[in-house]
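[1] heads up, no residue letters with this:
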């Protein structure tokens, strides 16, 4: 520690004075008179003040650096001491590190998940915060105008379409403006991305593939560039594969491939009805744009609306809407955002509860440990260590534990994240890969959380340990500090209440899920298989398409194991539904009455296939020469209390009144919660082909096996018609209940973790208290109290605290449960069964946790304990 | 102090390092050594030696220690560290390259000044 006890300023003066005096002495020795010698020496020195100031500055900086390194050295010593002291108690250390790893790891894994879903939903895009996305649609010429005229935005656009590949396969594609990839700042993994030159009329048809699609469908063929892809009967040359992370600008249903707008007429020839992309009346592109430097979103939105107004002046007959630009990250989550936020909030609260539990546990352990180190601490205080230094020492020990726990937690989280990757979320969204150990944000989050945890579990114990009276602690048998006793009770109570919270959450989701599976949708979903096709890609005349539908249905009905088959425009148990505004004949609607009615286009035999009973009138025939409809019982009750048969209803503004020829039983097609909504069935054969139509097949036995052969059956009956999806309705039901299932999965996992932590915490705390009260218990037993009596005493004390925790937890759980009511299918958030079972589990676990150490304590011979004093 | 004392800072550092390579010296001895070796041509402003020494000490190229001078006065002695020795080697080499290159430029055929 050189230079620490010296005054650098005095030394500097002495050093410079020495130089001057030596110079003067030398001159005098040469015979120069002293006055002149002095002047000469000063002259040779030059600007002495400047030199001195420069030296002083350097020395001061150096002194600061030395103080820092001194502090660092002290810190290092403390750390070495901490590590040594942790090594001495490997069981304690392992227990604490494992507990912290579970708490911190759970948080890291959930953070990485939410980071990917909510905070950073647009991977593979450069500076996504500058990107804005609109929700309406514009025509291709309008998009071009906006791109050329906007000064505040770099405007690009995309439209989504399904493309038929070869052999009945289908792919989701995006038709994009030539500057799409450039605007988004996407990189190519192979070859190149689309450019403006690809988007010129007459340019050769080209396609860029999504990395995932290339890997899945082309087995990551490295020679894919230059190959030809058949799309909708046309063909396009593969020019590139986008970077692996890039998955478009929507979280749901990422596209498989991208083609430029110029190729669209050629590659989507049978759009319904055939439309010319150059028409201004056809809006089919979504605007996604990058803010130019200095522009604000509000100004950009105003500019687009101004440009649109100008376009309308020049050409009034064109599709238009008011632009509403949202940050692309927000737009990406789409309608699922509210659900995602709820999901994130629930998950965050849950993992935070687990961490708090873990911290409470560790704090308790540290507290116990501090008590057993009382003597060591007392001695160190007596030897003159300051309280601050001791506090720091204890906190550094806690910090070392937190670092170990955080590191182990990251490892655990990486395992969990690998399991979560590729998880299917509701509405077709797929969780992107969570590369946790390569994610700096997740690591920083874990580090920050570990620091918070250090304070949370380390500080109470450290404060309690260093507050003790010196004299008191040097005496061997000082009573356990009252503060610590109360602190320990507080920790136990909060652990129990957090556990109850988690258990209640898991219980509610379990009961909600159970209810979801029990809800009667009105039809029997088991033994139903389905296949969704897009006939419109191949045919566009109604008669031609209808013939194709009949052909496919005939072929499928002929398959072995098929009881019946029929078409519908709405896949049951999915969220796709068409709605219209009902105008029933003779019905006086209140001004604010909700007149929405679901419409479905269906073929003959649908009701038989679904098992919906006909209540009045008739179902549909194979051919319906006049417009007719069938309504549900619910719709009849509401709109035609006197009977619906023979009455009429208008569905679309200006549309014809349609006669009602039948009434069928109600069904819940799209949500299992609430009352079935009114529904109108319309015959399929009177309309142009729809882009998505589902064949429902009632199986004799195993619908899953049937779903697998449906693809080839359809390929046989109607070559070239792409099958977009095939499966069973049981799968659909599982998908529909995915939020509940995910909620249950996470909550159950974390509740189990929490219960385990609370159990360990209670057992350890009881064991410690018993150890402290060894003497008292020994006296009691010597005075004649028997084992069972002591057990009862210990048990009632512990259970009392647990009961307080249960009540407290219930008070917190009630409002929290109300937040997830929507997911519980009519289950009340204060569901008594859930609360009762959760409380019982906790009390039982608590009793067990108290009994294990208590039994050991009463088995000891009281004389041994007393003699040990 | 003439134009020649506006030496590049690195040059001064290099001179100090070189002077110390013969053994520990105090600042005054350093000034005398430079004066003798350069025949006073460079006429280094002696005061500027000290910021250079302190800076080199801050960077770990030299160490200082108080000791007795030739006539038994307290003086601050500076000594090269291993780091300083390495620095002296690399900087000497790069100075030589620079001087070589410059003299080749000046020796090139053409009008002489």
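    Great, that's in hand. This structure is a prediction, so every number in the text was calculated from the model and none was measured.
[2] and for the nearest residue in space to residue A:46 that is not next to it in sequence, the neighbour number?
    Spatial nearest neighbour of residue A:46, excluding adjacent residues (C-beta to C-beta, 6 or more residues apart in numbering or on different chains): residue B:45 at 3.1 Å. C-beta: built from backbone N, CA, C; applies to glycine. Residue B:45 has 21 neighbouring residues, counting by other C-beta atoms under 10 Å in any protein chain shown.
[3] now the helix or strand encompassing residue A:21, how far from the centre of its chain.
    Assigned by DSSP states H and E, residue A:21 falls within helix A:8-29. Relative to its parent chain, helix A:8-29 has a centroid offset of 72 Å by C-alpha atoms, centre = their mean, to the nearest Å.
[4] and what of stretch A:836-853?
    Relative to the chain's own centre, stretch A:836-853 is displaced by 33 Å; criterion: C-alpha atoms, centre = their mean.
[5] tell me the mean pLDDT over stretch A:625-637?
    Average pLDDT, stretch A:625-637: 91.
[6] other residues contacting it?
    The contact list for stretch A:625-637, computed with C-beta atoms under 8 Å, 6 or more residues apart in numbering or on different chains, reads A:582, A:597, A:607, A:615, A:617, A:619-620, A:639, A:643-644, A:649, A:656, A:658-667, A:675-683, A:686.
[7] mind checking the end-to-end distance for that stretch?
    28 Å (C-alpha to C-alpha, to the nearest Å).
[8] which secondary structure elements does the host helix or strand of residue A:215 sit against?
    Counting by DSSP H and E, the element that carries residue A:215 is helix A:211-217. Contacts defined by 3 or more C-beta pairs under 8 Å, 6 or more residues apart in numbering or on different chains; DSSP states H and E place helix A:211-217 against strand A:234-242.
[9] quickly run through the sheet partners of the strand it packs on, with directions.
    Counting by DSSP bridges, the strands paired with strand A:234-242 are strand A:188-191 (antiparallel), strand A:206-209 (parallel), strand A:228-231 (antiparallel).
[10] can you classify residue A:580 as helix, strand or coil?
    Counting by DSSP: H, G, I helix; E, B strand; the rest coil, the backbone at residue A:580 sits in strand.
[11] list the contacts of it.
    By C-beta under 8 Å, 6+ apart, residue A:580 lies in contact with A:596-597, A:599, A:651-652, A:680.
[12] number of residues surrounding residue A:46?
    17.
[13] find the centremost residue of the chain, please.
    As the question left the chain open, I've gone with chain A. Nearest to the mean C-alpha position of chain A, by C-alpha atoms, centre = their mean, lies residue A:114 at 3.5 Å.
[14] um, chain B though
    Centroid check for chain B by C-alpha atoms, centre = their mean gives residue B:15 as the closest residue, at 1.5 Å.
[15] sec struct for residue A:381, please.
    Residue A:381 - assigned by three-state DSSP - is helix.
[16] ignore what I typed, I meant residue A:85.
    Going by three-state DSSP: residue A:85 is helix.
[17] and the residue nearest to the centre of chain B, backbone torsions?
    Main-chain torsions, residue B:15, degrees, to the nearest 10: phi -60, psi -40.
[18] how much space separates residue A:616 from residue A:665?
    Distance, residue A:616 to residue A:665, using C-beta to C-beta, to the nearest Å: 11 Å.
[19] and what of residue A:70?
    The value you get for residue A:70 to residue A:665, if C-beta to C-beta is used, is 84 Å.
[20] around chain A, which positions in chain B sit nearby?
    B:1, B:5, B:26-28, B:31, B:45-48, B:50-51, B:54-55, B:57-58, B:66, B:69, B:73-76 (C-beta under 8 Å from any C-beta of the partner chain).
[21] buried ones in the helix holding residue A:215?
    By neighbour count on 16 or more other C-beta atoms under 10 Å in any protein chain shown, the buried set for helix A:211-217 is A:211-214, A:217.
[22] one more: stretch A:81-101?
    Going by neighbour count (16+ other C-beta under 10 Å), the buried part of stretch A:81-101 is A:82, A:85-86, A:92-93, A:95-101.
[23] give the rounded mean pLDDT of that stretch.
    86.
[24] quick one: it to chain centroid distance?
    For stretch A:81-101, the distance to the chain centre is 33 Å (C-alpha atoms, centre = their mean).
[25] and for that stretch, what's in contact with it?
    With C-beta under 8 Å, 6+ apart, stretch A:81-101 has contacts from A:358-359, A:361-362, A:365-366, A:369, A:393, A:396-397, A:399-402, A:404-406, A:408-409, A:411-412, A:450, A:453, A:457, A:757, A:760.
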